[in-house]
Each structure stands twice: as structure tokens, then as C-alpha cells.
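Engineer: no FASTA, just this:
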């Protein structure tokens, strides 16, 4: 509709007709524009008389989409992978976001985050689901919506911690500082879900106050905000005379019963819990508490201290008691009849144990040790000695005393002393054998030490070899263990064997392939390979063998000699060429190799068309190349080759030189 | 400047992880059958061997790589590793002790005050992160030392790093930051 100036007459009055799409100058009548493009909505009549607008909706943002023309699919192939990823991401965000009831603004922000993530290549190696969930959660945190990571994991059926990891990583990479979670945010949401009806608002307010109090009492650091909310809501509900059980609350809040109970007990410990409901609503206590875990740790420390003190006191008391007991027993023994005759003999036998008990009873502290074996052994060695000494010193009278001593320590209530007698009696039988074993290991080590040191590169300082020997079982034990292990793991071993069954085939095949061809020169190698590998009857093996000769000749003469020798020997030229090409000569140039390979392929294909062979022609070309070859080595090789070739040619008469000869012309 | 208080902070090393190689192939079945205190895990392909003194657990692979965990100091880890190598030698393998390296050190430390985690995280935004939904502690990562410190609200820390020296340095670095956000105790 732009009013322009007519070119011919200069008139400004121009009539634009939308229907015809033309602009005409009213002065002179000249047509200024024809087929004007109109930006109006057009309607088309569809089937059934329904008229619909022509055109498509294009999104403002999002991927740059190639407009689908008539041939739809062909144009979409050119779409970038990046565009596709973003489109896919957007779709998933919309899907998840709608399930979470997020508004469009949040979804757009989430999509922006996703775009940033894709630009930084952080989506690589991560499931798109996780990335999208993390983006959405980022938005939730920055906007302050009451959505928990748990909700997202519920929807996706993914472990919370995995989502959390992704979320943390994205937050760090995108340098987005998500504000800390405030449990107050969740209260309205949970209150609504708990269905308090009209009083929802009041209950929420009470719960909020409670949560704030908990914060000040240091109950909220390090805890899941949902747990705190749950506890607060439960208390608030009870305060407003709603009967909400623990089960109701935990189903909404998604924490465990134990967690909720713990929070309640912690809250109970705070002074605020002592206030009445009214007081609580009005008054706010100044005092702040320590975190509950801190209190628990202090409590533990106190308990330990108390226990130590008690133990000390007990020791003292023991001492006193034992003194009293000794005195009492002395008195009793004096009054008892003494055993004579037969019984005296019995009394003797019990002596060593009794005496040990006696000696151990007087020294309770030393025996409370962890490293039982060695120390017990040494103890018993010393105790034996002591027994002997004490026996000599004591007279017969004391034996009866020992009987009673044996009884008394067992009756005592204190811990260490009670442990001592049974330990002593049990271990009394052991020490002799143990000491012998130690000696044996000593001897064994001394013998083997010299051998090992030769192989060793290991510094033996501080390594106690006796101990190490204990870690190794002897043969009998090994047998027993082997049997046990085999029985236990029979299934696993079967599986292993089952797998092995499949392997031998591969191995045999590989072995077949890998049989080494031993040959002194490359020519021999090729011959031997050819012998073994009769893969196809479409290959002219004679020519292949000829390659050797050609290859050796080219080493000395270089490429020009080859080229020159080609024309004079038309019959065998192809053979030579082929032989040269087969000869993997480092001096060969790439293009020559390619040429020869082309020849090879051509010869192979065309040989099948040839019917008759020409055996008599074979010996002639074989002898003719011989004198032309300057280096003597080649002649020898050629002779060998000739011999080989003759045999092969006779076998391969049908696939003979004819094919090669005919191809020369075809190739060039 | 000495950043610690009058009372020195006790940094207790609780775990040292070290690896070394024996430079020879090990037959796991032999070790499993002839050693005491061994657990054979054929599905995974390793043998767990536990030594009493020093108290370490070693994971032994058939390639000859061994990981030693559970030692309480770097020297102990080395001693344990050598003992283990000696034990394997006695079982009949031509073991050589090579490429011993302490890979990870875990230490715990306790501050005499409680820490306000939210303030601490706010002050040290990108380096520190706190997600109460996931873990009760705030994580503080020091890049140049490659150390990670987890701060709990009670004031106890767990520090992990490549060696004991780094761990000590990390604690010293983080102490003033924690001091700022401390929560004075009333009881």
C-alpha cells in the first residue's frame, strides 16, 4: 500500500487492488505492480465444506525449523543434531513440568538452563531424563517453589542421590547459586495435603512458628526439611484438635516413622516444649539450644567418663574385698580339718592349676590384653616357672588353701577377675605345643631365608616372618579348604567351564590361521602361502608366483628396468607385472602398485572366460626371462619358481596364461 | 599466622589407601586356597586379604595390582604393603615391590564450636555446597590441594586428600572460614 510515484507520469495517485493484486497509476494507467504478495489470512475449503485457515504456527523461540514444504521429510533430514536435542529437551521439560504443575515462566527458564547445559556439553554421558530433572529442580529452587527433589525422583523412578549428583554438578558448572531450602516453604503444601479444611491457614501459621522455633533451636541444620515440617505439622494439628496420626503425616511428608519420632523427642528436649499452647503463641523464648547431635555426643562423653570412674572405684573396692576374703579364708582354714592320706594325693594333682589361679588372681590387670595368643603363651611359660617356684616354697598346708582360692575368684562379680580363671585353666594345656611350633617356624625360616633373599627385592625391615607364616596354611589345611571351596562354588565353576566350551572353536580356527610360515625370503613365503591357500580357482596362481621374480629384479634395476622390459615380453609381461606387484618391494611406488592391483583384478575376472590353456607356451616364456635378468639371485628364484609353476600350470591348465595374454590389450 | 586456637586441633588420620604392583601375574585361586584370612570373589575377579598387624585389607587382582586400605598412617600402609608382598612371595609368586603410592588419606577433626552451615555456604558460595536433602554435611572442595572437607553442624570435619600433608593444610585453610560462622555454645 505504499504510495509511490509513477515512473511514467510522475503521478502519486496509485490504486492498489487487493483482489487482483496489482497497483495501477490512475493518471496514466500504467501498471506499477503485479501479483502483489499479500499478508492476509487465507481460507481454504476442506472436505465437508469446512473452511480452515491456511498456514502453520511457528514458535518464537526454539529450534530453527526448516519449513516443511510439499516434500516434508526430505527437507527435515538437513536438521542439525543440536536443534533436535533442544527440541527433544523442550518436549520433555513440558511434560515433566506439567506433571509438577509449574507455570510457563518456570518451564521457559528451565529450557534456558537446558540450552546452557547443552552448550557446555554437559549432557554427554548423562541421561537426558536426569539432566532435565536437574534443570527443573534448579528452577524450583531459584523460584522458591515447594517442590522437593524427592517429588522429581518419584515421577522419574530414579534414585534421589543420582538426581542430586547431577543437580549439584549442573549448579556448579552453570554457577547458579541455589538458595538454601527453607522448611517454611513446604508447610503450606503439606498442610493442604493433610486436609485441615477451614482451619488450614491457622494450622499452617502454627506450624510455621514451630519450625522457626526449631530453627533457632538448631534442629534444622543437617536435617531433611521435610522431616521437620512433618513434626511441626503433627504438633500443630494436635494443638488445633485435629487427630492426625503419625502415619497420615508420613505418607504426606515422605519420611520414615522413626525420623518423625526422633524429631519429636528432640523438640521435647527443648525448653519450648514445656510451654502451654497459649504461651507458645505469645511468647518467644530467648534461649537457644545446641544442636541435638552435639548434645548426644556430649552425653556419650559423659557416660564414658562415668564408666571410667566406676571402673576405678570398682577396682578399689575389689582390693578391699579380696583383703577381707583372704582374712576370712585364713580363719576358715584354720578351723577346717586337713586332708590326709588318699585325699592328699588328689590335692597334689590340682596344685599346678590352683597355683596358676592364685598367681593370676593376684595380678588381674596384666591379663586383660587383646593379643591373646602370644601373650598367653609367654604368660604360661612364666607361670609354669612361677608354679614350680611357688610349689617349692609352699608347704603342704597351703594346698587346702588353694582349693578354696579356686572357688572364691569364680564367685566374684567383677569382670576382669572372672575372666581370668577360666582363661588360665583353658590355656593351661596349650602352651607346650605352641612353643614348639614357634621353634619350628624359626628353624624353617632360617633355612629358607637364604634362598628368598636372593630373589628378594623387598626390604624386610620390620617384617615379622613368623607372623606372615601364620597367614599361610599348611598342606592339610589347604586340602580341606580346596574341598570346601570346590563344593561351595560348584555352580560357578560349571558356568566357567560351560563358557570355555565355546572357546576352543575359536582357538582352533585362530590356530589354523596363525600357523607360521617359515621362509627365508619373501618369495618362498609367497609360495608356501599359495600352496596352503587355494582359496579360489579364479586366481592365476602361476602369475602370483611370478611376482617373486619380478620383485627381486626391480630391487636392483629400479622402476625403469621394469618399464622397459614390459613390451619385449608380451606373453609373460603380465605375469611379471603381477609378480612385481605381489613382491612387496619398498622401492615400489604407490601408483605402480595400484596399476598392478588393477591388473590383478582384471586378470582374475577375465580368466574364467578363457577356455583353453597353452602349456607349450609356458616353457618358452619361462626360459626367456631368465637370461634377461642380470642378478643371479633372481635366476635361482625363477628356476625354483619355474619348477613350481610347471607343476601348478599343469594342474591349472584351464586357467592358464591365455587369460593373462588376452588381458594385456584389455588393460591398456 | 597460627590459625589454630590455644588448644591444638587433633587431626586423626583414620584411613590411608595405597596401591602398589607386584610386577608379576598372580594366581588368585592359589592365594585363596592357601592363605588364611582371604575372601575370594571370582565374579569380580579379586581376592580380599586381611592382615592383623597392621590392620589392613588388601584387594588383590590377578594382574598384580594391589590396593591396601585400612592403615592409620602412611608408614603403616607401606609396612602393611610390604608384609603382604612378603606373604605372596612365600606362597610362591615372584613378587617385586614396585610403584607404591598413597592414593587417599581420610582424617577426622573436631572443632570446639558448632558451625552454622547455611551461613558458611553463603559466604563461600561456589566452593562450598550444602544440600540437606541429600547429605547432612556441607562439602567444601579445595581445588589446588585436591582436598574435600565435609563440615557437619556439630563442628566435626572429615577431610580427604591425597596425602597427610595436604589434609593438614586443608584443615588450616578452612579453620578461619569456620570460625566466622561459628555458633557459640550455651550449655
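Structural biologist: Sure thing, it's come through. Everything quoted here is computed from the prediction, not taken from an experiment. Residues are numbered from 1 along each chain as shown, chains lettered A, B, ... in the order given.

Engineer: Check the burial of residue A:320 by counting its neighbours.
Structural biologist: 10 (other C-beta atoms under 10 Å in any protein chain shown). All C-beta spots, glycine's among them, are computed from the backbone N, C-alpha and C.

Engineer: what's the distance between it and chain B?
Structural biologist: 38 Å (C-beta to the nearest C-beta, to the nearest Å).

Engineer: same deal with residue A:93?
Structural biologist: Applying C-beta to the nearest C-beta to residue A:93 and chain B gives a distance of 21 Å.

Engineer: is it true that that residue touches residue A:115?
Structural biologist: No: here residue A:93 does not reach residue A:115: they are 10.7 Å apart, not a contact under C-beta atoms under 8 Å.

Engineer: Give me the pLDDT value at the closest residue to residue A:21 other than its chain neighbours.
Structural biologist: The shortest distance from residue A:21 to any non-neighbouring residue, by C-beta to C-beta, 6 or more residues apart in numbering or on different chains, is to residue A:36 (4.4 Å). Residue A:36 carries a pLDDT value of 82.

Engineer: now residue A:36: how far from chain B?
Structural biologist: Residue A:36 is 59 Å from chain B, by C-beta to the nearest C-beta.

Engineer: hang on, the earlier thing: between residue A:93 and residue A:115, which one's more packed in?
Structural biologist: Set residue A:93 next to residue A:115 and count neighbours by other C-beta under 10 Å: residue A:93 wins out with 24 against 17.

Engineer: Okay, buried residues for stretch A:221-228 please.
Structural biologist: A:221-228 (16 or more other C-beta atoms under 10 Å in any protein chain shown).

Engineer: What of stretch B:106-126?
Structural biologist: Buried residues in stretch B:106-126 (16+ other C-beta under 10 Å): B:106-107, B:109, B:111, B:113-118, B:120-121, B:124.

Engineer: just those residues that are near chain A?
Structural biologist: B:114, B:116-118, B:121 (C-beta under 8 Å from any C-beta of the partner chain).

Engineer: Columns distance to residue A:204, secondary structure and pLDDT on top of those, output as a markdown table?
Structural biologist: As requested, those are exported to a markdown table (distance: C-beta to C-beta, whole Å; DSSP: H, G, I helix; E, B strand; the rest coil; pLDDT from 0 to 100):
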| residue | distance to residue A:204 | secondary structure | pLDDT |
| --- | --- | --- | --- |
| B:114 | 30 | strand | 85 |
| B:116 | 26 | coil | 86 |
| B:117 | 26 | helix | 87 |
| B:118 | 23 | helix | 86 |
| B:121 | 27 | helix | 87 |
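
Engineer: And the pLDDT at residue A:516?
Structural biologist: What the model reports as pLDDT for residue A:516 is 63.

Engineer: which residues does residue 22 contact?
Structural biologist: The chain I'm using is chain A. Contact analysis of residue A:22 by C-beta atoms under 8 Å, 6 or more residues apart in numbering or on different chains lists A:16, A:31, A:33-36.

Engineer: hm, I was asking about chain B
Structural biologist: Neighbours of residue B:22 in contact, by C-beta under 8 Å, 6+ apart: B:64-66, B:85, B:88, B:93, B:95-98.

Engineer: Could you do residue B:137 as well?
Structural biologist: Applying C-beta under 8 Å, 6+ apart, the residues near residue B:137 are A:222, B:117, B:130, B:150-153, B:158.

Engineer: what's across from the closest residue to it other than its chain neighbours in the sheet?
Structural biologist: Closest residue to residue B:137 apart from its sequence neighbours, by C-beta to C-beta, 6+ apart: residue B:150 at 4.2 Å. Beta-bridge partners recorded for residue B:150 (DSSP bridges): residue B:139, residue B:158.

Engineer: Tell me how far the closest residue to residue A:185 other than its chain neighbours lies from residue A:134.
Structural biologist: Leaving aside its sequence neighbours, residue A:185 sits nearest to residue A:146 (C-beta to C-beta, 6+ apart; 5.0 Å). For residue A:146, the distance to residue A:134 (C-beta to C-beta, to the nearest Å) stands at 18 Å.

Engineer: These two: who's more crowded?
Structural biologist: Higher neighbour count among residue A:146 and residue A:134: residue A:134, with 27 against 17, using other C-beta under 10 Å.

Engineer: Ramachandran coordinates for that one?
Structural biologist: Taking degrees, to the nearest 10, you get phi -60, psi -40 for the backbone angles of residue A:134.

Engineer: swap in residue B:85?
Structural biologist: phi -60, psi -40.

Engineer: from memory it sits against residue B:95, does it?
Structural biologist: Yes: in terms of C-beta under 8 Å, residue B:85 counts as a neighbour of residue B:95; the distance is 5.1 Å.

Engineer: can you list the domains in the chain?
Structural biologist: Using chain A here. A:81-179, A:184-291 (the TED database).

Engineer: could you do chain B instead?
Structural biologist: As assigned by the TED database, chain B contains the domains B:16-103, B:111-180.

Engineer: average pLDDT for the first one?
Structural biologist: Averaging pLDDT along domain B:16-103 gives 89.

Engineer: first vs last residue of that domain, how far apart are they?
Structural biologist: One end of domain B:16-103 sits 8 Å from the other (C-alpha to C-alpha, to the nearest Å).

Engineer: for that domain, the distance to its chain's centre please.
Structural biologist: Centre-to-centre, domain B:16-103 and its host chain are 17 Å apart (C-alpha atoms, centre = their mean, to the nearest Å).

Engineer: ok, and for stretch B:163-171, which residues are buried?
Structural biologist: Counting neighbours by 16+ other C-beta under 10 Å, stretch B:163-171 gives B:163-164, B:166-171 as buried.

Engineer: hey, which strand is longest across chain B?
Structural biologist: strand B:98-110 (DSSP state E).

Engineer: List of residues touching that strand?
Structural biologist: For strand B:98-110, using C-beta under 8 Å, 6+ apart, the contacting residues are B:9-23, B:67, B:74, B:77-78, B:81, B:155-164, B:166-167, B:171.

Engineer: So among the residues you listed, which ones count as buried?
Structural biologist: B:9, B:11, B:13, B:16-22, B:67, B:74, B:77-78, B:81, B:155-157, B:159-161, B:163-164, B:166-167, B:171.

Engineer: Go through those residues and flag which are in helices.
Structural biologist: Among those, the members falling in helices (DSSP state H) are B:74, B:77-78, B:81, B:164, B:166-167, B:171.

Engineer: so which of the residues you listed comes closest to residue A:195?
Structural biologist: Nearest to residue A:195 among those: residue B:171, at 50.5 Å, using C-beta to C-beta.

Engineer: my guess is that closest one meets residue B:9, correct?
Structural biologist: Yes: the criterion here is C-beta under 8 Å, and residue B:171 meets it with residue B:9 at 6.8 Å.

Engineer: what angle sits between the helix or strand residue A:294 falls within and strand B:98-110?
Structural biologist: Assessed by DSSP states H and E, residue A:294 sits inside helix A:292-335. For helix A:292-335 against strand B:98-110, the angle by axes from the mean of the first three to the mean of the last three C-alpha atoms, to 10 degrees is 90 degrees.
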